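Student: Have a look; sequence and predicted model below, questions after that.
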Amino acid sequence: MTIQSVDYSTKIPNNVNLAEDRAVLRALESWHPGYIEWWKTMGPEGFQDALVYLRTAVSVDPKGWAKFDYVKMPDYRWGILLAPGEDGRKIPFGRHLGEPAWQEVPGEYRAMLRRLITIQGDTEPASVEQQRHLGKTAPSLYDMRNVFQVNVEEGRHLWAMVYLLQKYFGRDGREEAAELLQRRSGDADKPRMLGAFNEATPDWLSFHMFTFFTDRDGKMQLESLAQSGFDPLSRTCRFMLTEEAHHMFVGETGIGRTLQRTCEAMKAAGIEDVEDIERVRALGVIDLPTMKKKLNLHYSLSLDLFGSEVSTNAANAFNAGLKGRFQESKIQDDHKLENATYPVLKLVDGAIKRVDEPALTAINMRLRDDYTADCQRGLDRWNKIIERTGVAYKFELPNVAFHRHIGEFKDVLVTPDGRIIDEAGWNREKDKWLPSSDDGEFIKSLMTPVTEPGKFASWIAPPRVGIDNKPGDFEYVKIAA
Ligand code: BYC
Ligand code: FE
Ligand code: FE
């Protein structure tokens, strides 16, 4: 199997031989100006002329696929890159298990597949829109470069889905591609498709929580789609996952550095009581209870992205061989799930209980469980950072029924420790569990930009190593005068 190198001779870098696929190349080229227009109006505000030290994908070889250089974001080479095909790949699950993977869209599944690809595509520009103001309050040039890197790669993920739509779905695909540039995050008339992508990302604490929790939903969904029997989707998602790892790194280390800074400042000031919020805030750092509230918010919003616990959509997509489970090939079962069950958390007579459901309809729940376990491993690493500083505090994930808008628990009010309460109780306590407007104001007060190379805002520690092994005072962004 050969790894196809990337063709930079066409306007759109690609490893899918676009130069000889004239119809698709034309469709993409006519979509391109609208994309650039979208990027300039909805992408990072105030930094379109800045030179940013970005990585660009130049191959799909897992070792060394990226090249780093200064680039103005609107000139970024957004490419169409698919992981190499596997000779003789078979559909790994569902009713077509063992049949050759499809290289074209199976007619009977066309609508379902188009919907999955469109939803995936819609989240990518949405996140760029949500993050467009962050450059102006970046705590360092290093962090500013990271948000821009995430943004250009989410832009590339949109290209990836648009390529699939235009190549495989004809006129409908071109219409979907056009609409992906028309919806807007948070817009009352034409919002983005999924809830969490219409929420604001008002500050850097939210950005880091978002890249930890919501990009991790991206990872789980892409892993499931990477199993797809529709081979072009599988290969596309496999390459996207290599980029996704950096997004989660930005979130995990961003929060880790914030924790580090807060705990060290508390220790230096001799503050033992984590709840002594006023004194901690006076140090110019973010208190741990406020960070916990942001964690509660972003985790619960991200859980909603898994859909309902019991879902016939999910069962149909699995049966059809379009969307599998996390690490499908490593699971020891029949990969058809016709007779299997899976324990699902449900509301039974006013209590949260585990109930066995047909495993097929519980596909979303299973992926969500795998997601929760993955999140927990990240929390364990954060808790080690806190522990090493000697501060007595631990992050925990809230109960999955807490603050939900989709699925089994959307109509009940539940505390972070899983007790169902009434509305009066919720209103009394909710500011202890979710960021209040006061918390938002406080965080905002810390979001003053720091643009001197090697310097960092008061509330976040420097990273241990630079991007691309650059020294601490490297000028990651050259801001246009
Ligand atoms: N908000 O059967 P149900 C990423 C709708 S993130 C609004 O429960 P299903 C990224 C649903 O559409 C990954 N509506 O759920 C991260 C359906 O409507 P219809 C994005 C929702 O279909 C950071 C109805 O409710 N990729 O990449 O099994 C930065 C019943 O649905 C929501 C994907 O999500 C919601 N949260 O599962 C950048 C993968 N949830 O059909 C990027 C593709 C459900 O009755 N999408 N509904 O009109 C899917 O696999 C599925 O569509 C979902 C929903 C998992 C999202
Ligand atoms: Fe993405
Ligand atoms: Fe991402």
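Tutor: Sure thing, it's come through. Numbering: from 1, shown residues only. Ligands and ions are numbered 1, 2, ... in the order given.

Student: Excluding sequence neighbours, find me the nearest residue to V24.
Tutor: K167 (4.8 Å; CB to CB, 6 or more residues apart in numbering). In this view, the C-beta of every residue, glycine as well, is placed from N, C-alpha and C.

Student: again with R156
Tutor: Closest to R156 by CB to CB, 6+ apart is W78, at 4.9 Å.

Student: what's the burial count for the one you found?
Tutor: 21 (other CB atoms under 10 Å).

Student: so what's it up against?
Tutor: I12, P13, Y35, V152, G155, R156, W159 (CB atoms under 8 Å, 6 or more residues apart in numbering).

Student: So which of these sit within helices?
Tutor: Y35, V152, G155, R156, W159 (DSSP state H).

Student: isn't the second one right up against D75?
Tutor: No. Shown here, V152 and D75 do not form a contact pair, counting by CB atoms under 8 Å, at 10.4 Å.

Student: ok, those two, which is more surrounded?
Tutor: V152 (24 against 9).

Student: For that one, give me the pLDDT.
Tutor: The predicted structure scores V152 at 98 on the pLDDT scale.

Student: show me what contacts it?
Tutor: Taking CB under 8 Å, 6+ apart as the test, what V152 contacts is L54, M73, Y76, W78.

Student: Can you tell me how far it is from K90?
Tutor: Using CB to CB, to the nearest Å, V152 is found at 35 Å from K90.

Student: Close to ligand 1: what parts of this structure are there?
Tutor: 116, 119-120, 123-124, 127, 154, 194-195, 214-215, 217-218, 221, 304-308, 311, 313-314, 323, 364, 406 (CB under 6 Å from any ligand atom).

Student: Tell me where this structure is predicted with low confidence.
Tutor: Low-confidence segments of the chain (pLDDT under 70): 1-4.

Student: rerun that using 80 as the cut-off
Tutor: 1-5, 9-10, 62-64, 481 (pLDDT under 80).

Student: where do the strands sit along it?
Tutor: Ranges of strands in the chain, per DSSP state E, are 51-57, 66-72, 341-348, 351-358, 413-414, 420-421, 477-478.

Student: Using a markdown table, lay out those strands together with mean neighbour count and distance to Y299.
Tutor: Below are those laid out as a markdown table (neighbours: other CB atoms under 10 Å; distance: least, CB to CB, whole Å):
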| stretch | mean neighbour count | distance to Y299 |
| --- | --- | --- |
| strand 51-57 | 21 | 29 |
| strand 66-72 | 14 | 30 |
| strand 341-348 | 17 | 15 |
| strand 351-358 | 14 | 17 |
| strand 413-414 | 20 | 13 |
| strand 420-421 | 14 | 19 |
| strand 477-478 | 19 | 30 |
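
Student: Can you say which of those strands is nearest to ligand 3?
Tutor: Closest of the strands of the chain to ligand 3 is strand 51-57, at 13.9 Å (criterion: CB to the ion).

Student: between that closest one and strand 66-72, how many degrees?
Tutor: On the basis of axes from the mean of the first three to the mean of the last three CA atoms, to 10 degrees, strand 51-57 is oriented at 150 degrees to strand 66-72.

Student: Count the neighbours of E309 for me.
Tutor: Neighbour count of E309, defined by other CB under 10 Å: 25.

Student: begin at 29 from here
Tutor: Shifting the count to begin at 29 puts that one at E337.

Student: Compute the distance between the nearest residue in space to L441 that is not next to it in sequence and ligand 3, please.
Tutor: Nearest non-adjacent residue to L441, counting by CB to CB, 6+ apart: W454, 4.2 Å away. Distance check for W454 against ligand 3: by CB to the ion, to the nearest Å, it reads 32 Å.

Student: Report the two of the ones in helices among the contacts of W106 separated the most.
Tutor: Y63 and V180 (12.0 Å; CB to CB).

Student: contacting residues around the closest residue to ligand 3 within the stretch 279-428 of the chain?
Tutor: Nearest residue of the stretch 279-428 of the chain to ligand 3, counting by CB to the ion: G279, 9.5 Å away. Residues in contact with G279, defined by CB under 8 Å, 6+ apart, are F235, H236, M237, F238, T239, F240, F241, D243, R244.

Student: right, and out of those, which lies closest to ligand 3?
Tutor: D243 (4.0 Å).

Student: Which of the contacts of G279 fall within helices?
Tutor: Counting by DSSP H, the contacts of G279 contribute F235, H236, M237, F238, T239, F240, F241, D243, R244 to helices.

Student: Same list (these) but as CSV, adding distance to ligand 2 and neighbour count.
Tutor: As requested, the ones in helices among the contacts of G279 are arranged in CSV below (distance: CB to the ion, whole Å; neighbours: other CB atoms under 10 Å):
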residue, distance to ligand 2, neighbour count
F235, 15, 25
H236, 16, 27
M237, 16, 25
F238, 12, 28
T239, 10, 29
F240, 14, 27
F241, 14, 27
D243, 7, 24
R244, 11, 23
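
Student: closest to D466 among these?
Tutor: Proximity of the ones in helices among the contacts of G279 to D466, judged by CB to CB, is greatest for M237, which lies at 18.2 Å.

Student: can you pull the contacts of that closest one?
Tutor: Applying CB under 8 Å, 6+ apart, the residues near M237 are G279, I283, K322, L323, L325, H326.

Student: ok, 6 Å please
Tutor: K322, H326 (CB atoms under 6 Å, 6 or more residues apart in numbering).

Student: And the one 4 residues further on, by the same measure?
Tutor: Counting by CB under 6 Å, 6+ apart, F241 makes contact with H326, Y327, S330.

Student: from those residues, which single one is nearest D501?
Tutor: For the contacts of F241, the nearest to D501 is H326 (31.7 Å; CB to CB).
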